[in-house]
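# give me coordinates for this.
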Amino acid sequence: MVKKQVSKRDRSSAGGDATSEIARRGFLGLAGLSTVAYFSATGRQTKKASPDETDPFGNAVTAPTLELDLEDLLDLSKTTGVAPPDAQVLALVQKLEETGGPQIEASFLQGKWVLPWVGGWERVWSSQADSSLFGGPARSTVGRGGGSQLSLEGVRQFVYGPGAGGITIEYLYAAANQPTKVLLARQGVVSNLGGNFFQLDFPTKLDGYEVDAQTLLTPLPSLPPSEGGPPAMGVTLQTTYLSSSLWILRNYSPDRNEKAARQICIFRRTDTRSVLDRRGLVADGQLKPPDDDGIRFGKLLFGESLSDYAGWSEAAGGSEAATKDKLLGR
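Next up is the predicted model:
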């Protein structure tokens, strides 16, 4: 009976009332622990689901079956250049939301630091082109000189924790025939509301940057209101599915009849860092930091063999001893 409670969730949780959601799911944390014990006892954590079996939780080496199905569908669109039908994606989203995901209970509590989705996330699908309901720009294109248009190439958000500066959102625009790109970005405030709801506040407008061929960021003058984004306060979102690699969000509106305002976004975890943080890692599609890694981290961190580290401990120890002698007057 406990297992059934965890695997099957009330579909009304997607887009429901935040207060009732918290009360309805108050005891599911214990159910989640019982489910883990069940899988451990049956040995399913090391057994890959058969083609005819749907595993909603996965294991240490295999993602949940529905996640793999969604990944295949979205990756196919990259190779073919044709976006998957919304109906197919939404069908998988609904099934994923019914399970909640292996980490959904970890984000349920109301504690200030209960943010298991800290890290970098890249948006891989959205039900709407307008991103204003998530704190982003309303348009998926920006205009450049000569009437040319740049299209939205990538969306990433980086969550650092609760409070001011707790999130950075970045929207990158590009075109095949244009040497420059445009980046729209800003930081916001993160507040955990409990019950898998959280609030984002963006007290400043979206800042625009032009990215040239040398990947240098040049601040753009004020963007037209139709292309940028004004300050946005009280952006309330709901986590409806969460695992170690996949995060599904819905914007929350107190008016359940406001169908046009409901939006779903799917994010996949990324190891990249914010472009505004030039100390970040490099990945496909991310702006290139300085070629000399020593500028950012110090060459020692990038030694390719043990010989690169030879004598470092002795040198560091000698430097420390010299500093102590100087302080002690020896």
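# switch to C-alpha atoms for all contacts and neighbour counts from now on
Noted.
# restricting to C-alpha, output the helix or strand harbouring Ala91 in PDB.
Ala91 belongs to helix 86-99 when assigned by DSSP states H and E. This file holds the C-alpha atoms of helix 86-99, laid out as PDB (Å, rounded to 0.1, in the frame of the first residue of the first chain):
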ATOM      1  CA  ASP A  86       3.700  18.700 -28.400                       C
ATOM      2  CA  ALA A  87       1.200  15.900 -27.700                       C
ATOM      3  CA  GLN A  88       3.900  13.300 -27.500                       C
ATOM      4  CA  VAL A  89       6.000  15.300 -25.100                       C
ATOM      5  CA  LEU A  90       3.000  16.200 -22.900                       C
ATOM      6  CA  ALA A  91       2.000  12.600 -22.700                       C
ATOM      7  CA  LEU A  92       5.400  11.700 -21.300                       C
ATOM      8  CA  VAL A  93       5.400  14.700 -19.000                       C
ATOM      9  CA  GLN A  94       2.100  13.600 -17.600                       C
ATOM     10  CA  LYS A  95       3.400  10.100 -16.800                       C
ATOM     11  CA  LEU A  96       6.500  11.500 -15.200                       C
ATOM     12  CA  GLU A  97       4.500  13.900 -13.100                       C
ATOM     13  CA  GLU A  98       2.400  11.000 -11.800                       C
ATOM     14  CA  THR A  99       5.500   9.400 -10.400                       C
END
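# and after that helix, which helix or strand comes next?
strand 119-126.
# coming back round to it: in the helix holding Ala91, which residues are buried?
Val89, Leu92, Val93, Lys95, Leu96, Glu97, Glu98, Thr99 (16 or more other CA atoms under 10 Å).
# ok, these vs Ala83, which is closest?
Val89 (10.1 Å; CA to CA).
# now Gly135: phi and psi?
Note on Gly135: its backbone torsions stand at phi 90, psi 0 [degrees, to the nearest 10].
# got a pLDDT number for the closest residue to it other than its chain neighbours?
Using CA to CA, 6 or more residues apart in numbering and skipping residues adjacent in sequence, the residue nearest Gly135 is Ala232, 6.2 Å away. Here the pLDDT value assigned to Ala232 is 94.
# Ala232 is in contact with Asp201, isn't it?
Yes: the pair Ala232 / Asp201 is scored as a contact, 6.0 Å apart, by CA atoms under 8 Å.
# between the two, who's got more neighbours?
Between Ala232 and Asp201, counting by other CA atoms under 10 Å, Asp201 is the more crowded of the two (22 against 19).
# look up the closest residue to the more buried one, ignoring the ones flanking it.
Per CA to CA, 6+ apart, closest to Asp201 is Met233, 4.3 Å.
# list the residues that contact that neighbour.
Leu200, Asp201, Phe202, Pro203 (CA atoms under 8 Å, 6 or more residues apart in numbering).
# just checking, what packs against the helix or strand harbouring the first one?
Take DSSP H and E as the rule and Leu200 turns out to sit in strand 197-202. Under the contact criterion of 3 or more CA pairs under 8 Å, 6 or more residues apart in numbering; DSSP states H and E, the helices and strands touching strand 197-202 comprise strand 181-194, strand 232-242.
# what angle separates the last one from helix 86-99?
Right, the one you point to is strand 232-242. Calculated by axes from the mean of the first three to the mean of the last three CA atoms, to 10 degrees, strand 232-242 forms an angle of 80 degrees with helix 86-99.
# show me what strand 232-242 pairs with in its sheet, parallel or antiparallel.
Paired neighbours of strand 232-242 in the sheet (DSSP bridges): strand 197-202 (antiparallel), strand 246-251 (antiparallel).
# list the buried residues in that strand.
Ala232, Val235, Thr236, Leu237, Gln238, Thr239, Thr240, Tyr241, Leu242.
# for stretch 179-189, same thing?
Neighbour counts over stretch 179-189 (16+ other CA under 10 Å) mark Thr180, Lys181, Val182, Leu183, Leu184, Ala185, Arg186, Gln187, Gly188, Val189 as buried.
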